[in-house]
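>>> sequence and computational prediction follow.
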Amino acid sequence: MQIIPSILNANLLNLMPDLKELEKASVEMIHVDIMDGNFVPNISFGPDFVAHIAEETTLKQDIHLMVQNPDWIVDQILKYQPESITIHYEATHDIYRILQKIKDHGVKAGVAINPGTSYEAIEAAIMIADRILVMTVNPGFGRQKFLKEMLHKVRKLDLTRQINQYTYKIEVDGGVNDQTIVKCKQAHTDECVVGSYLFKNGNPLGNIVKLRQLIEE
Ligand code: DX5
Ligand code: ZN
């Protein structure tokens, strides 16, 4: 299981030291939360931020778009060729077309579901998606409590993957810490996004090592 650091709760006034620590930790990707103040009640980064990270670091980016009608911002971000772009099922009536567009540009395409959205709603989208993001908090903020009920979606997605030989990754986002990461692993999650837990004491490298030990036990 991979740990994907979310930089939303890193030290945004002095981000480079944290990013350099993550490079040292050889993380698979970093998770970049883009919020529009409409789909969620918060505003974070924009496409320029994605460009700066690409210029200044070697880190691959897992872009999580919490943006209503994301078509326009997908176009802007595709210019920077991140590793992956994930859009929310609830944010568009056109999910399949946008996922196709992302894939056509050689970028991995993900579909995210809010806690209030059932697994069945994305039955069609999972046929094309490279990554399914199961939100384990209501999107918009770091430091929230993990909603363990959401893990039943992970188990169903894992079963569906086995039956149909799909190849998508199952990612969980929100409230992951040294307690909940073990539950995520038991449910067959492939990737855990970890935000505030990693950056809480300014020691992301040490915290990643600790989490890796827990999931290897
Ligand atoms: C929340 C974001 C998450 C957030 C997770 O809407 O999508 O990626 O950064 O932060 P923690 O790990 O603190 O819940
Ligand atoms: Zn996120």
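Thanks, I have it. Numbers count the residues shown, from 1 in each chain. Ligands and ions are numbered 1, 2, ... in the order given.

>>> contact partners for the residue in the chain that ligand 1 sits nearest to?
Across the chain, no residue is closer to ligand 1 than G195, which sits at 2.6 Å (CB to the nearest ligand atom). Bear in mind the C-beta positions are built from the backbone N, C-alpha and C, glycine included. Neighbour list for G195: 5-9, 31, 142-143, 176 [criterion: CB atoms under 8 Å, 6 or more residues apart in numbering].

>>> ok, R97 next?
With contacts defined as CB under 8 Å, 6+ apart, R97 has no neighbours.

>>> where does the closest residue to ligand 2 within the chain sit: helix, strand or coil?
Of all residues in the chain, the one sitting closest to ligand 2 is H64 (3.7 Å; CB to the ion). Secondary structure state of H64, per DSSP: H, G, I helix; E, B strand; the rest coil, is strand.

>>> so what's the residue count around it?
Taking other CB atoms under 10 Å as the neighbour definition, H64 ends up with a count of 28.

>>> which residues does it bridge with?
Beta-bridge pairing of H64, defined through DSSP bridges, involves D33, T86.

>>> so what's it up against?
Contact partners of H64, counting by CB under 8 Å, 6+ apart, are 6, 31-34, 86, 110, 112, 133, 173, 193.

>>> repeat that for E171.
For E171, counting by CB under 8 Å, 6+ apart, the contacting residues are 4, 62, 86, 110, 131-134, 189-193.

>>> of these, which are in range of ligand 2?
Among the contacts of E171, no residue sits close to ligand 2 (CB under 5 Å from the ion).

>>> from the residues you listed, pick the one nearest N38.
For N38, the nearest member of the contacts of E171 is T86. The distance, counting by CB to CB, is 17.3 Å.

>>> number of nearby residues for the closest one?
26.

>>> quick revisit: could I get the contacts of E171 as CSV with distance to Q162?
Shown next, in CSV, are the contacts of E171 (distance: CB to CB, whole Å):
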residue, distance to Q162
I4, 23
D62, 24
T86, 22
G110, 20
R131, 17
I132, 14
L133, 19
V134, 17
T189, 15
D190, 13
E191, 18
C192, 20
V193, 23
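
>>> would you write a ChimeraX line that selects the buried entries of those residues?
Those of these that meet the burial criterion (16 or more other CB atoms under 10 Å) are gathered into one ChimeraX selection, given here:
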select :4,62,86,110,131,132,133,134,189,190,191,192,193
